[in-house]
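1. quick one: sequence and predicted model below, then my questions.
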Amino acid sequence: MSGSVVIAAGGTGGHISPGVALAEVLSEKATGFGFESVYIHSLVRNQNNPDLLNPPCEVLWHNIPQLGGLKTILYPLLFLFPFLKTILQFRKLNVNAVIGMGGYSSLPAILYAILFRKSLYLCEQNCVPGKITRVFSRFAKKIAFSFPLEEEYKIPGKTIGNPIRKRVIPEHLNIRQNENLHEGKKNTINVLVLGGSQGARQLNQMILKAMENAEIASKYKFRLLTGTNLYDETKNKASDDAEIISYANDMKPNYEWANLVVARSGAGVIAECLVFGLPMILIPYPYAADNHQKANANHLEKEGAAVTIHSTSDDPSPLVKFLLSWKDHSEVLREMGHVSLALSNVNAAYQTVSYFFTEPK
């Protein structure tokens, strides 16, 4: 195969980050996989996404409209012009292969591949496949899954793992993050709370209420990443014992500090926690498309790397129950951490690219 390959990665960070991870591999080894050039195709509104500020290859920006309201009726007309622009651009760049990372923003690139009979590959990050995967799987040469699909979905493909960016991968693949949980080490359990995602106010408030429990406050040290929008609100309500951070461009030091993570159950966050061997308390965002976060969390809980709290309120009772049960039984967290690491795949990006372009179908 010659010409160029495009990675269609836009919309949310859950689609962008693994797409950039694939671009890192392809940019280094493009000729080895039979390509002259590599491009990322992403939305204009993603220009300030941290993963796209210093990308490994050129980014082709486009601007298709979102569905919703009156735009739904006019969508074919609103879609046509940016799609024609994509066609002309891809033809000029001799695009012969497209990797779709999911989400509506990948639609122009996927349709280009289908209409012009180019090679189409899909990546599905969640246990419940998104609409793009469900609709276009029959046109794809190969599909790579980050996690096993729920049994009701009979889509052929290979489960490899979620591609991780190089800058996030730990330098030493061990359980060093949980060394202080062993006998004779310090008596504090570090809890990293990722409260900057969808519906994060509920998660942040739940943590702050749990910290009011004296037994929890004496055993656990909390670091909350709130996101810029909720930083002031959370900071004003938090006790002096909590470390409140609005944003972290480099997540590696935070994962290395942590012994336990509390987070939503998006595929990207889960994959990063797995490569650091971290046990998780997952609180799925209940309004995620197709309830895919619930499915992701249930998979991790079934495997033994996480526990799940299904709640739409900030009632801390379920969280307090888990934390108190582990207060004097940190061996449970150690075992969850070992399971977490066993489920990880730091080489998922390379293996996905290799599966697409070198392995027989």
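-> Here it is on my side, so go on.

2. return the residues in contact with the residue lying closest to residue 276 once chain neighbours are set aside.
-> Nearest non-adjacent residue to residue 276, counting by C-beta to C-beta, 6 or more residues apart in numbering: residue 255, 4.3 Å away. Heads up, the C-betas are built off the backbone N, CA and C, glycines and all. Listed by C-beta atoms under 8 Å, 6 or more residues apart in numbering, the contact set of residue 255 reads 168, 170, 177, 192, 261, 272, 273, 276, 278.

3. helix, strand or coil for residue 255?
-> Following DSSP: H, G, I helix; E, B strand; the rest coil, the label given to residue 255 is helix.

4. tell me the pLDDT of it.
-> pLDDT recorded at residue 255 is 93.

5. can you check residue 153 too?
-> pLDDT, residue 153: 93.

6. can you verify my assumption that it contacts residue 124?
-> No: at 9.4 Å, residue 153 does not count as touching residue 124 under the criterion of C-beta atoms under 8 Å.

7. how many residues are close by residue 243?
-> The number of residues packed near residue 243 is 15, by other C-beta atoms under 10 Å.

8. one more: the one 5 residues further on?
-> Residue 248 is flanked by 16 other residues according to other C-beta under 10 Å.

9. state the distance from it to residue 223.
-> Going from residue 248 to residue 223 by C-beta to C-beta, to the nearest Å gives 10 Å.

10. between these two, what contacts are shared?
-> In contact with both residue 248 and residue 223: residue 254, using C-beta under 8 Å, 6+ apart.

11. now pLDDT, distance to residue 24 and neighbour count too, for the contacts of residue 255, in a markdown table please.
-> As requested, the contacts of residue 255 are exported to a markdown table (pLDDT from 0 to 100; distance: C-beta to C-beta, whole Å; neighbours: other C-beta atoms under 10 Å):
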| residue | pLDDT | distance to residue 24 | neighbour count |
| --- | --- | --- | --- |
| 168 | 91 | 11 | 18 |
| 170 | 83 | 16 | 19 |
| 177 | 53 | 24 | 25 |
| 192 | 96 | 25 | 29 |
| 261 | 97 | 24 | 25 |
| 272 | 94 | 15 | 25 |
| 273 | 95 | 20 | 29 |
| 276 | 93 | 19 | 27 |
| 278 | 95 | 23 | 28 |
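
12. between those, which is nearest residue 92?
-> Checking those against residue 92 with C-beta to C-beta, the nearest one is residue 168 at 33.7 Å.

13. my read: that closest one touches residue 251, true?
-> Yes: taking C-beta under 8 Å as the contact criterion, residue 168 and residue 251 are neighbours in contact, 6.0 Å apart.

14. quick check: neighbours shared by these two?
-> Joint contacts of residue 168 and residue 251 (C-beta under 8 Å, 6+ apart) are residue 272.

15. for the residue nearest in space to the middle of the chain, which non-adjacent residue is spatially closest?
-> The centroid of the chain falls nearest to residue 268 when counting by C-alpha atoms, centre = their mean (1.5 Å). Using C-beta to C-beta, 6+ apart and skipping residues adjacent in sequence, the residue nearest residue 268 is residue 14, 4.8 Å away.

16. strands of the protein, residue ranges please.
-> 4-8, 37-43, 58-62, 95-100, 119-124, 142-145, 158-159, 189-194, 220-225, 243-245, 260-263, 280-282, 306-308 (DSSP state E).

17. just the ones you listed: most buried one?
-> Most buried of the strands of the chain, by mean neighbour count (mean count of other C-beta atoms under 10 Å): strand 4-8, with a mean of 28.

18. if you tally nearby residues, what's the number for residue 164?
-> Count around residue 164 with other C-beta under 10 Å applied: 24.

19. next one: residue 233
-> 13.

20. tell me the pLDDT at it?
-> Residue 233 is given a pLDDT of 77.

21. contacts only, for it.
-> With C-beta under 8 Å, 6+ apart, residue 233 has these contacts: residue 201.

22. can you give me the distance of it to residue 14?
-> From residue 233 to residue 14 the distance is 25 Å (C-beta to C-beta).

23. my read: residue 348 touches residue 165, true?
-> No: between residue 348 and residue 165 there is no contact under C-beta under 8 Å: 10.9 Å.

24. please enumerate the shared neighbours of the two.
-> Residues touching both residue 348 and residue 165 (C-beta under 8 Å, 6+ apart) are residue 21.

25. more neighbours: which of these two?
-> Neighbour comparison, residue 348 and residue 165: the larger count goes to residue 348, with 24 against 20 (by other C-beta under 10 Å).

26. so who does the more buried one touch?
-> 21, 146, 160, 161, 162, 163, 164, 271 are the contacts of residue 348 under C-beta under 8 Å, 6+ apart.

27. before we move on, back to that, would you turn the contacts of residue 255 into TSV with distance to residue 352?
-> Putting these into TSV (distance: C-beta to C-beta, whole Å) gives the following:
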residue	distance to residue 352
168	16
170	20
177	26
192	27
261	24
272	16
273	19
276	20
278	23
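
28. would you map the helices across the stretch 251-361 of the chain?
-> Counting by DSSP state H, counting those that start in this stretch, the stretch 251-361 of the chain has helices at residues 252-257, 267-275, 292-303, 317-327, 330-343, 348-357.

29. tell me what the longest one is packed against?
-> If I follow you right, that is helix 330-343. helix 267-275, helix 292-303, helix 317-327 (3 or more C-beta pairs under 8 Å, 6 or more residues apart in numbering; DSSP states H and E).

30. can you list the ones you listed in a markdown table and add distance to residue 50?
-> Output for these, formatted as a markdown table (distance: least, C-beta to C-beta, whole Å):
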| stretch | distance to residue 50 |
| --- | --- |
| helix 267-275 | 12 |
| helix 292-303 | 21 |
| helix 317-327 | 29 |
